[in-house]
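>>> What shape does this take:
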Amino acid sequence: MKLVVWVKLLPTSEQALALEGTLRICNRAASHASAVAFAKGLKDRNGLQKEVYADLKEVFGLSAQPAVRAVKKVVDAYTTLKANLRAGNLGPPASRRYRKAVSTPIVFRPEAAQPFDDRCLSWQHDARTVSIWTVDGRMKGIRYTGHTDQLKTLATHRKGESDLVQRGGKWFLIATCEVPEPEAYQPVDWIGVDRGIVNLATTSDGTNHQGRSLSRYRRWQARKRAELQTKRTRSATRRLARRAQQEKRHATHVNHRISKEIVSVAQRTGRGIAVEELDGIHERVRLRRDQRGTLSSWPFHQLGAHLAYKARQAGVPFLEVDAAYTSQRCPRCGHTERANRPTRDHFCCRRCGLAGPADVVAGVNVRDRARSAWVFVTMPVPSAAQP
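Modelled structure (predicted):
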């Protein structure tokens, strides 16, 4: 499986100036290549490289391999744009976003990430330094740091390109690692996980990862956004963008922490992890106006994605099961009725009287469905009938 490792660079002031100049020139060169590709309809790598290769070297001062990387970045950007247009992510063809995307060439921000391959970037893992090509020549001995586990993964499994990025005045290298997946074991049972807004994740064991602190944090961010939006200045716009990234990083950290704990418990007890399949939840549910913003911005999918890849990395079986009526079905007698859940937090079966926290009951139903689904997943395929 592919993992992305972030390492923080610790350049000197001279090295930082060289890196900044390299990033800006490479992105100017990529924007030039993008304009040529748009004007002449060149979307294939070979055709665009023949057209702009000489200019990227002579006009922008790029070496051979950085020029090739810049061309590849442009081609990949147009491929991504085409996929987004086809998937409808930019709206219908008549929408303003769609028409703007197809009527102008892609422009790269001055601080946009720049890919480097092994010809332009080399790692010295023992010394924790990198040597990287810059417009001022080869820059050697740039120190880097990171989490111990990530540095170990980087040293043993790095493969392919690494991207140079600048975030908030700090420098990072994003490296792709190809980590072998351990074979998933045969689970002795399952941990059902119910995802929600008030409680971010509730397991069938009764463990509850509450979202109250995250809700308070997001409400505070919403108030700050409203204050900045009323100012309508460039400074306020920049601060809004920074706050959006800050909020996104905070939610990601919370999801990482929750998913890591659940996977650790499953691995220690020899169980698998089952979650509800929430694809298309926006189309299935009807919400009040005050609930729409919360649901649309809540990181449901991200928590599921973190659970999935951490489970794969640890060799823990992972299943997605049908989410229909998990919060209304009685796990003891099977009676399903909306009245079984009189309040958001409480469950009480109208037939057999089973009562308990609603999210825990939903987690138990997810676990039970995983038990049934696993029987079919592991069922041996019958041999073809003999003629």
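
>>> Residue 126: which element?
Under DSSP states H and E, no helix or strand contains residue 126.

>>> doesn't residue 254 fall inside a strand?
No - looking at residue 254 with DSSP: H, G, I helix; E, B strand; the rest coil, it is helix, so not inside a strand.

>>> Near it, how many other residues are there?
Using other C-beta atoms under 10 Å, the number of residues around residue 254 comes to 19. (C-beta placed from N, C-alpha, C; glycine too.)

>>> wait, it sits on residue 200?
Yes - the pair residue 254 / residue 200 is scored as a contact, 7.1 Å apart, by C-beta atoms under 8 Å.

>>> Residues that sit against both of these two, list them.
Overlap of the contact sets of residue 254 and residue 200 (by C-beta atoms under 8 Å, 6 or more residues apart in numbering) consists of residue 214.

>>> The residue nearest to residue 112 when sequence neighbours are not counted: what's it in contact with?
Closest residue to residue 112 apart from its sequence neighbours, by C-beta to C-beta, 6 or more residues apart in numbering: residue 27 at 5.1 Å. Residues counted as contacts of residue 27 (C-beta under 8 Å, 6+ apart) are 108, 109, 110, 111, 112, 114.

>>> Among those residues, name the ones in strands.
Cross-referencing those against strands under DSSP state E gives residue 114.

>>> Now, of the contacts of residue 27, which are buried?
Among those, those classed as buried by 16 or more other C-beta atoms under 10 Å are 108, 112, 114.

>>> The last one - nearest residue in space that isn't next to it in sequence?
Closest residue to residue 114 apart from its sequence neighbours, by C-beta to C-beta, 6+ apart: residue 26 at 4.6 Å.

>>> The one you found looks like it's in a strand, true?
No - read with three-state DSSP, residue 26 is helix and lies in no strand.

>>> Give me the neighbour count for it.
Residue 26 has 28 neighbours, counted by other C-beta under 10 Å.

>>> Would you check that it makes contact with residue 70?
Yes - with contact defined as C-beta under 8 Å, residue 26 counts as touching residue 70 (5.8 Å).

>>> Give me the common contacts of those two.
Contact criterion C-beta under 8 Å, 6+ apart; residues shared by residue 26 and residue 70: 62, 114.

>>> can you list the domains in the protein?
2-178, 190-210+261-377 (automatic domain parsing).

>>> Out of those, name the one with the poorest average pLDDT.
Confidence, taken as mean pLDDT, is least for domain 190-210+261-377 of the domains of the chain (a mean of 85).

>>> how distant is that one from the center of its chain?
Distance of domain 190-210+261-377 from the chain centroid (C-alpha atoms, centre = their mean, to the nearest Å) equals 21 Å.
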